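Participant: Provide a 3D model corresponding to the input given below.
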Amino acid sequence: MMRLASWRARDTDADRRREWALVAVGWVLIVAVIAVWLALDRRPPEWDHANHLERVVTCAQDVARGDVRTVLERSSFYPPLVPCTAAAIYRWWPSDVAAAQSAILLFLGVAMAAIYRLGRVLADGTAGVAAAWIFASAPFVVYSGTRFQLDLPLATIAAIAVLVALRTDGFRHRGWSLVAGGVWAIGMLTKPTFAVYAFAPVLWVLIRERSRRSYLNASLAAVVAAALSLPWYGPRLIGLPAQLAYRSGKGAILEGKPETLTLTALSFYPTWIFTQLGVLAVGLLLAGMVVALRQRRGLAIVAFAAPFIVSMLVRNKDLRYTLPLLPMAAVLAGIAVSALAARWRPWLAAGLIVVGAAQVSGTLFGVPPAFRLPVLGVPTGIDTAPMRTEWHHRDILRAITRDSSGARVTVSVVPNYNFFSVSNFRYYATRDGLPIRFLRAWDGEPLGVQYVVLKTGPIGPSWTAGKIERLMERLAREPHLSRVYPVIAEFALPDGSTATLRARRVPDAAAGSLGALARTFEEETRRRLPEVARDVEGLTVRLTYDEGLARGRVQRVEIAAAAATVGEFTRRDAAALRVRNVRLLAEDVLVNPFSLSDGRLDLLDVGRLRLEHAEVSAGDLQAFLDQLKEARGARITLVGDRVDVAVVHPGPDFGARVRIVPALDRPFALQVERARVGPVPLPPVLIDWVVRNYDPTPRIASRLPFPVEIDPVSIVGQTLRIGSGGTSSGSLNVGRIAEPR
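Facilitator: Numbering: from 1, shown residues only. Coordinates of the predicted model:
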């Protein structure tokens, strides 16, 4: 009997080694085929793909400097774990695409291992191997293996989380419960939506156990997860929910997604899962759910079905968002395979291998091609054959660098086409270390824009096309604008369109005398002033210029007023602030001289704008805050050299002491002291977290097209004063223009 038991143990070990070998061979084969695809493909990374690759490069740079704080602060929505994992490989193997995809393929291998273990725990080794193969050969998984996105790593951690939940023995095992907390932290540091996939299995386990020990250990796991993920989530606790709500709500509306409870929206994922997982695998998934119900494998069903239903009810839909569901879908399909009689398993295994190979080949090389399923109307796979054509991003960047002599410049990339957008241009510039700031298509005037990249033909999604088309029409119909942005290079693109690079330059002098041009400048300034200021009293506009005015250059522009109501009045429901004794100084101003000679002021650039003086009463400042939705409920009091702020809302009130201080990277900064929630004072780290979400100064700085400075801020009585000098209406010289130097 002892010999028989020993033989059975050896036989079980041999089975496990064989099963692990089959999983490993499957991973190696898929990695080899994807590696061939990566070697052949030349397509630019698209949108989020480019953004994540850019973060790989910047994280590698931050880590090389030992700048952990910047690593944590770089993104407001996406955690750094996956990009910085690729960055670690990048430092050892300095090729960002190879390093990034190596990280993704490593996550794929770990996912296959976790899925195999899940299948073996829930059924047997046959289920585990079949599940690993089904997942790895699923069309959307193969597709995701060729792109650096966060969803395949998220699927990996989601599978590990379910496996660890099983190892906790209903959260009765404290050690494995603490491990579960660590896995949850890793999941949350992969992507915030991890909670959607982890919550239901944990809740299922706790409902089944209903013991104090399980609740205690699960709570400890939650504490571990919170503690480990707090350095990144802490500063974002207030702002992140709003971002999630925007992406799933308003963002989805802007993208034209159907309303949530419509048939189109509710049927999106149930029909497209055939494309994601494969037709045969979906059939096995449905059969596996029936088998799991009969075998009372509720955890497997809940881990798949609960987040699937949640995804159906979220308006913003994308196949990427349900990729983390595919591990449990594959496990359920594997359970169906293991339920077959032994004589049928080899035939089904052969079928899975043939179908899996066809899905991998079809996805990567288009052979065999996908076809649309009858009734459902969705394709059986994803055709993403290698793209060998050149989109000339780096040629355009080289042309900009050559034309600008390597100086720091601002470039507007107008189209938002997936292969030709600001995202992939910014990524290539970051990778090559170019000092270029990128903007999208602009509204109004091209303030601070030195180069413009345009494209004929397809320009991007419909919800972004309006602004792009308006700008392209302006360049086509306004000769003065196109004259100061002449085409300096053209490139033929693979889709049959043409890319053009325009550079800001004034080829010759405008017609008209300097005095006439200066008077037009002053008159147009007055005419356009209502865009930013109303109810203006005692206005003065003073120019200092020389012969350069004929080419649009003005050395200094001084604008002063005894009083004015200022705001972005071109925007709907703009907040307005009443100020007094205002004096602005703009240096090295560039305007379009040809528009100026034609009677119109088109501002192109400002070397520096300085607010030398302004006064705002406490009452006017409070009235301004009352107009801001995010500041409603805030009450301010000017006391000594500070502003005391109290925020009244349901629940404990918030209070703080605020000082306006100089800053290097923005016009000014807010220094918050002695903050409290109700009667409880906040420690400095929590103050920083709160201020991060409400401080408008970083957003103001990011929107400024040129340097802006303000003189020191002081508080005199109940007046907030900028600068030390003043301007009275009696001393203003209204409408006076300086003589040319």
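Participant: CA atoms for contacts and neighbours, from now on please.
Facilitator: Noted.
Participant: and the nearest residue to V579 once chain neighbours are set aside, what element?
Facilitator: Residue nearest to V579 in three dimensions, not counting chain neighbours: V616, with 5.0 Å by Cα to Cα, 6 or more residues apart in numbering. Following DSSP states H and E, one finds V616 within strand 603-617.
Participant: helices and strands around that strand, which ones?
Facilitator: strand 577-591, strand 708-710, strand 719-722 (3 or more Cα pairs under 8 Å, 6 or more residues apart in numbering; DSSP states H and E).
Participant: ok, back up a step: how many residues are close by the residue nearest to V579?
Facilitator: 21 (other Cα atoms under 10 Å).
Participant: One more: T260?
Facilitator: There are 16 residues near T260, going by other Cα under 10 Å.
Participant: what does the one 5 residues further on give?
Facilitator: Applying the criterion other Cα under 10 Å, we find 19 residues in the vicinity of A265.
Participant: Might one say that it is in contact with P258?
Facilitator: Yes: at 5.8 Å, A265 and P258 qualify as touching, with contact defined as Cα atoms under 8 Å.
Participant: Are there residues contacting both of these two? Which ones?
Facilitator: R315 (Cα atoms under 8 Å, 6 or more residues apart in numbering).
Participant: biggest helix in the chain by residues?
Facilitator: helix 2-40 (DSSP state H).
Participant: who does that one touch, helix- and strand-wise?
Facilitator: Against helix 2-40 (3+ Cα pairs under 8 Å, 6+ apart) you get helix 96-122, helix 125-136, helix 345-365.
Participant: do that again at 7 Å, thanks
Facilitator: For helix 2-40, the packing partners by 3 or more Cα pairs under 7 Å, 6 or more residues apart in numbering; DSSP states H and E come out as helix 125-136.
Participant: what's downstream of the helix it packs on, the next helix or strand?
Facilitator: From helix 125-136, the next helix or strand downstream (DSSP H and E) is helix 139-144.
Participant: Determine how far the helix or strand that contains S482 lies from the middle of the whole chain.
Facilitator: When elements are assigned from DSSP H and E, S482 belongs to helix 479-484. Remark: helix 479-484 is offset 34 Å from the chain centroid, using Cα atoms, centre = their mean, to the nearest Å.
Participant: Tell me the helix or strand right after that helix.
Facilitator: Next along from helix 479-484, by DSSP H and E: strand 487-492.
Participant: Paired strands for that next one, with orientation please.
Facilitator: Sheet pairing here is set by DSSP bridges, and for strand 487-492 it gives strand 498-503 (antiparallel).
Participant: Contacts for the strand it pairs with, please.
Facilitator: With Cα atoms under 7 Å, 6 or more residues apart in numbering as the test, strand 498-503 has contacts from 450-456, 485-493.
Participant: Following it in sequence, what is the next regular element?
Facilitator: Assignment by DSSP H and E places the next element after strand 498-503 at helix 514-528.
Participant: Please name every helix or strand in contact with that next one.
Facilitator: helix 593-597.
Participant: Let me know the average pLDDT across the helix holding S482.
Facilitator: Taken as a whole, helix 479-484 has a mean pLDDT of 94.
Participant: swap in stretch 196-216?
Facilitator: 93.
Participant: next one: stretch 534-553
Facilitator: 94.
Participant: Using neighbour counts, pick out the buried residues of that stretch.
Facilitator: Neighbour counts using 16 or more other Cα atoms under 10 Å place 534, 536-545, 549-553 of stretch 534-553 among the buried residues.
Participant: Could you do stretch 383-398 as well?
Facilitator: Here stretch 383-398 shows D383, T384, A385, P386, W391, H392, H393, I396, L397 as buried, counting by 16+ other Cα under 10 Å.
Participant: For ChimeraX, what selects the buried ones among the contacts of strand 498-503?
Facilitator: The ChimeraX selection below is limited to those of those classed as buried (16+ other Cα under 10 Å):
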select :450,451,452,453,454,455,485,486,487,491,493
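Participant: which one of the contacts of strand 498-503 sits closest to L122?
Facilitator: For the contacts of strand 498-503, the closest approach to L122 (Cα to Cα) belongs to L493, at 52.1 Å.
Participant: residues making contact with the helix or strand bottoming out on mean pLDDT in the chain?
Facilitator: Within the chain, no helix or strand scores below helix 250-254, which has a mean of 72 by mean pLDDT, DSSP states H and E. Helix 250-254 is contacted from outside by R315, N316, W463, using Cα under 7 Å, 6+ apart.
Participant: can you list the buried residues of stretch 383-398 in JSON lines and add secondary structure?
Facilitator: Output for the buried residues of stretch 383-398, formatted as JSON lines (DSSP: H, G, I helix; E, B strand; the rest coil):
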{"residue": "D383", "secondary structure": "coil"}
{"residue": "T384", "secondary structure": "coil"}
{"residue": "A385", "secondary structure": "coil"}
{"residue": "P386", "secondary structure": "coil"}
{"residue": "W391", "secondary structure": "coil"}
{"residue": "H392", "secondary structure": "coil"}
{"residue": "H393", "secondary structure": "helix"}
{"residue": "I396", "secondary structure": "helix"}
{"residue": "L397", "secondary structure": "helix"}
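Participant: How about residues contacting the strand holding V616?
Facilitator: 445-448, 578-592, 706-711, 718-723, 725-726.
Participant: what's the closest non-adjacent residue to W689?
Facilitator: P235 (4.2 Å).
Participant: residue ranges with poor pLDDT in this structure?
Facilitator: Per-residue confidence for the chain (pLDDT under 70) gives these ranges: 1-11, 650-651, 725-741.
Participant: Could you list the domains of it?
Facilitator: 18-349, 393-503, 514-731 (automatic domain parsing).
Participant: Please identify the helix or strand for E445.
Facilitator: Assigned by DSSP H and E, E445 falls outside every helix and strand.
Participant: Pull the number of nearby residues for it.
Facilitator: So E445, with other Cα under 10 Å, has 13 neighbours.
Participant: likewise I400?
Facilitator: Count around I400 with other Cα under 10 Å applied: 24.
Participant: ok, so what distance separates it from V56?
Facilitator: Remark: distance between I400 and V56 (Cα to Cα, to the nearest Å) = 24 Å.
Participant: Check L40 too.
Facilitator: L40 is 22 Å from V56, by Cα to Cα.
Participant: can I get the CA coordinates of stretch 172-181 in PDB?
Facilitator: Output of stretch 172-181 as PDB, limited to C-alpha atoms (Å, rounded to 0.1, in the frame of the first residue of the first chain):
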ATOM      1  CA  ARG A 172      -9.400  32.100   7.800                       C
ATOM      2  CA  HIS A 173      -5.600  31.900   7.000                       C
ATOM      3  CA  ARG A 174      -4.000  35.100   8.200                       C
ATOM      4  CA  GLY A 175      -0.800  34.800   6.300                       C
ATOM      5  CA  TRP A 176      -2.500  34.400   2.900                       C
ATOM      6  CA  SER A 177      -5.000  37.100   3.900                       C
ATOM      7  CA  LEU A 178      -2.100  39.500   4.200                       C
ATOM      8  CA  VAL A 179      -0.700  38.300   0.900                       C
ATOM      9  CA  ALA A 180      -4.200  39.100  -0.600                       C
ATOM     10  CA  GLY A 181      -3.900  42.600   0.700                       C
END
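Participant: and it, how far out from the chain's middle?
Facilitator: 33 Å.
Participant: List of residues touching that stretch?
Facilitator: In contact with stretch 172-181 (Cα under 7 Å, 6+ apart) are residues 161, 164-165, 167-168, 171, 213-214, 217-218, 220-222, 224-225.
Participant: if you set the cut-off to 8 Å instead, what comes out?
Facilitator: Under Cα under 8 Å, 6+ apart, the answer for stretch 172-181 is 161, 164-165, 167-168, 171, 213-214, 217-218, 220-225.
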